[in-house]
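Q: Just to be clear, the model below is a prediction. Sequence and coordinates:
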Amino acid sequence: QVQLVESGGGLVQTGDSLRLSCAASGHNIKSYGLAWFRQAPGKEREFVATVSWDGDRQFSSDAVRGRFTVSRDWAQNTISLQMNSLKPEDTAVYYCAAAYGGVYSFPTDYHYWGQGIQVTVSS
C-alpha cells in the first residue's frame, strides 16, 4: 500500500506562484514514479507532470511546460510542484499519484492517488 498526502494549495491571483507538496509513504515507495494530475469542474482529469523513481526523468504537459517544475526529494519521500505565472485556467483540484516502476501520463496507469487539493487562480 502507498499513501499520498498533498499540501500547499490555496487561492492566488493571476501571475502568482504556488508550491504543492505530496508526502509519499508505504512499502517500497522509492520504486514508484510519482506524478501530478489536475481536474477542473466538468472536465476530465489531466496529466500535469511526472518524475521517475530515481528523479532522473521529468515530463510535463504542454499546458504547463516552462511554468511548472516537478521535483522529488529522496530524503523526505516527497514530490513537489512549483507553479509559476499561474493563470485562471490552472484552477483545479490537483492530485498526487503513484505508479510502480515507471513514468506515465494516463490516469489509468496510476495505482494510488492522494485526496486532492484545491488551487484557485483569480483573474
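A: Ah, there it is.

Q: who's in contact with the residue nearest to residue 117 when sequence neighbours are not counted?
A: Distances taken as C-beta to C-beta, 6 or more residues apart in numbering place residue 9 nearest to residue 117, at 3.7 Å, with adjacent residues excluded. Using the backbone N, CA and C atoms, a C-beta is placed for each residue, glycine as well. The contact partners of residue 9, by C-beta atoms under 8 Å, 6 or more residues apart in numbering, come to 18, 20, 94, 117, 118, 119.

Q: out of those residues, which are buried?
A: Among these, those scoring as buried are 18, 20, 94, 117, 119 (criterion: 16 or more other C-beta atoms under 10 Å).

Q: Distance of residue 76 relative to residue 17?
A: Distance from residue 76 to residue 17, counting by C-beta to C-beta, to the nearest Å: 21 Å.

Q: typo on my end, residue 9
A: According to C-beta to C-beta, residue 9 stands 13 Å off from residue 17.

Q: Centroid-nearest residue for this protein?
A: Most central in the chain under C-alpha atoms, centre = their mean is residue 36, positioned 2.1 Å from the mean C-alpha point.

Q: For the helix or strand harbouring it, buried residues please.
A: Element membership for residue 36 (DSSP states H and E) is strand 32-39. Of all the residues in strand 32-39, those buried under the rule 16+ other C-beta under 10 Å are 32, 33, 34, 35, 36, 37, 38.

Q: re earlier: is the closest residue in space to the residue nearest to the centre of the chain that isn't next to it in sequence in a helix, a strand, or coil?
A: In this structure, residue 36 finds its nearest non-sequential neighbour in residue 48, 4.1 Å apart by C-beta to C-beta, 6+ apart. Look at residue 48: counting by DSSP: H, G, I helix; E, B strand; the rest coil, its state is strand.

Q: ok, the contacts of residue 9 vs residue 58, which is closest?
A: Among the contacts of residue 9, residue 20 lies closest to residue 58 (C-beta to C-beta), at 15.0 Å.
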